[in-house]
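Engineer: for reference, the sequence and a predicted model appear below.
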Amino acid sequence: MTLVMKFGGTSVGDAAAVAATAVLIQRAQAAGQTVVVVVSAMGSQPVKVTDLLLAGVDADELRAIHATAVDALLDPDGERQAVLAEMEAILARYAGLRRAGEVLGELTPRALDAIAGMGEQMSARLLAAYLRQTGTRAQAVDATELIVTDDRFGAASPLWPETETRVGERLRPLLAAGVIPVVTGFIGATKAGVTTTLGRGGSDFSAAILGRALRADEVWIWTDVDGVQTADPRLVAGTQTIPQLTYREVAELAYYGAKVLHPQTIRPCLESGIPLRVKNTFNPAHPGTLIVPDAPTSNGAGLKAVTAVKELSLITVAGKGMLGVPGMAMRAFGAVALAQAHLLLISQASSEQSICFATQMQAAQPVIERLRHEFAPELRRRDLDGITAQGDMAIVTVVGKGLQRQPLLTGQVLTALGRRQVNVVALAQGATDCSLSLVVRGGDTETAVAGIHHLLVGHES
Ligand code: ADP
Ligand code: MG
């Protein structure tokens, strides 16, 4: 059985975590699995190496974090010096790119991607060396050799045929020889070999991409919580593990802010029918969460989890003169696309006289400018009353199969918020049968999430 195991930042956050991770890898191999490892940059909460790299900290700070772990884990008579030397080479490139950025005044997206992936390049070398030292054949592999992507720096997408070929050529011989590849998460490279990244949290996606390319039997995401929880444990006390979720449910959760899984992770697994598991490195005996195909029956309907995305703007385009005028939505969304903003939620009254939608707060200004340009004639004629934005909003999303078939659930959610004096500014349900999204004021997020969480934990027990 081929198993892709991805270890997140905390799973390699310090020497003790790296050692625990190595034990999990060795156990899987001892149990007869063919193991492929994907690793994130070191990230003991709240300091994440990737954040430090992007913040442009001094190379000494990065050296200190990594050298401390290397000294604690690797024998001075073994690979310690060799690994430190490889890290020095990476840090020298980092310092060089930073200096270039200072000269130019800013770093290009391309240079930022080269920098952002350096944490993975260091952690993969450390973990592979430690595995070797503890008797396991392992080799660090840069995903720039495996995952071929387009050139959207910062949020690149894999090119499938090329990626499959490269993964096959590079990893299959290692696996056949009993060597565990320790692959850098988060990064890939264009056809021309320029380093790209798959977006923040993208190591989960890397694991799913390799899983699909290798036709793996399962992909396991190892993190620092007991699987996917009923809510963000940092936001709500008393969350519970969700033993099973469908791909669709977890996709909604990830898209609407549950950081536990990168939103794009689901697709490669779904498309090749690979079960996905989320497990806790620091509590491996816990079964965690299993993510499975959508069940054909409606059994198990109910609320499963609640999540939130903050720092959004709700933009409204409204005007009585727009009553029944066709094409307004198309023009509005076209303007949003031109501003390269994401639409997280759309709500429209049936009369077409107003449309409102949520987008990231930092995108609000460019979106409004585009909209004013697009609707300039209507604004002049006063067919449109105005284009307005309310900042500091949040979307709270409840996920659970069969929301549409359970009329009481929506009512219960709204009642839970009403009782806590939370105003629902806009609402959307229906695009999928498994989520309900509510726009609330940013300051109400915690209250709203806690209120809904109370309801859904009550439901389950
Ligand atoms: P990793 O480095 O392992 O990828 P992340 O920080 O990206 O770790 O993701 C794990 C974190 O996601 C958890 O520590 C938790 O705080 C947060 N999180 C947010 N929502 C959820 C949820 N619904 N279930 C589990 N974890 C969640
Ligand atoms: Mg993550």
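Structural biologist: Nice, I can see it. Ligands and ions are numbered 1, 2, ... in the order given.

Engineer: and the residue nearest the centre of the protein?
Structural biologist: residue 262 (2.2 Å; CA atoms, centre = their mean).

Engineer: near ligand 1, which residues of the stretch 251-400 of the chain show up?
Structural biologist: Neighbours of ligand 1 within the stretch 251-400 of the chain, by CB under 6 Å from any ligand atom: 258-260, 305, 307. Using the backbone N, CA and C atoms, a C-beta is placed for each residue, glycine as well.

Engineer: and residue 89, how many neighbours?
Structural biologist: Per other CB atoms under 10 Å, the neighbour tally for residue 89 reads 10.

Engineer: the host helix or strand of it packs against which elements?
Structural biologist: Applying DSSP states H and E as the criterion places residue 89 in helix 80-104. The contact analysis (3 or more CB pairs under 8 Å, 6 or more residues apart in numbering; DSSP states H and E) places helix 80-104 against helix 59-73, helix 109-116, helix 118-133.

Engineer: residue 316 - that's part of a helix, no?
Structural biologist: No: Residue 316 sits outside any helix when classified using DSSP: H, G, I helix; E, B strand; the rest coil, being strand.

Engineer: renumber starting at 232 from here on
Structural biologist: Yep, numbering from 232; the last one is residue 547 now.

Engineer: what about the residue nearest to it when sequence neighbours are not counted, how many residues nearby?
Structural biologist: Take residue 547 and drop its neighbours on the chain: the residue closest to it by CB to CB, 6 or more residues apart in numbering is residue 587, 4.3 Å away. The tally of other residues near residue 587 (other CB under 10 Å) stands at 21.

Engineer: give the pairing partners of the helix or strand hosting residue 587; include direction for each.
Structural biologist: Assigned by DSSP H and E, residue 587 belongs to strand 585-591. Applying DSSP bridges, strand 585-591 is found paired with strand 536-549 (antiparallel), strand 576-579 (antiparallel).

Engineer: and residue 478, what does it touch?
Structural biologist: Residue 478 makes contact with 497, 500-501, 507, 522-525, according to CB atoms under 8 Å, 6 or more residues apart in numbering.

Engineer: neighbour count and pLDDT added to these, as CSV?
Structural biologist: Output for these, formatted as CSV (neighbours: other CB atoms under 10 Å; pLDDT from 0 to 100):
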residue, neighbour count, pLDDT
497, 25, 91
500, 24, 93
501, 20, 92
507, 26, 96
522, 27, 95
523, 16, 90
524, 12, 86
525, 12, 76
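
Engineer: which among these gets closest to ligand 1?
Structural biologist: Within the contacts of residue 478, the smallest distance to ligand 1 is 12.3 Å, found for residue 522 (CB to the nearest ligand atom).

Engineer: if we can go back for a sec, what subset of the residues of the stretch 482-631 of the chain next to ligand 1 is buried?
Structural biologist: 489, 491, 536, 538 (16 or more other CB atoms under 10 Å).

Engineer: show me how far the strand holding residue 587 is from its chain's centre.
Structural biologist: Relative to the centre of its chain, strand 585-591 is centred 23 Å away, using CA atoms, centre = their mean, to the nearest Å.
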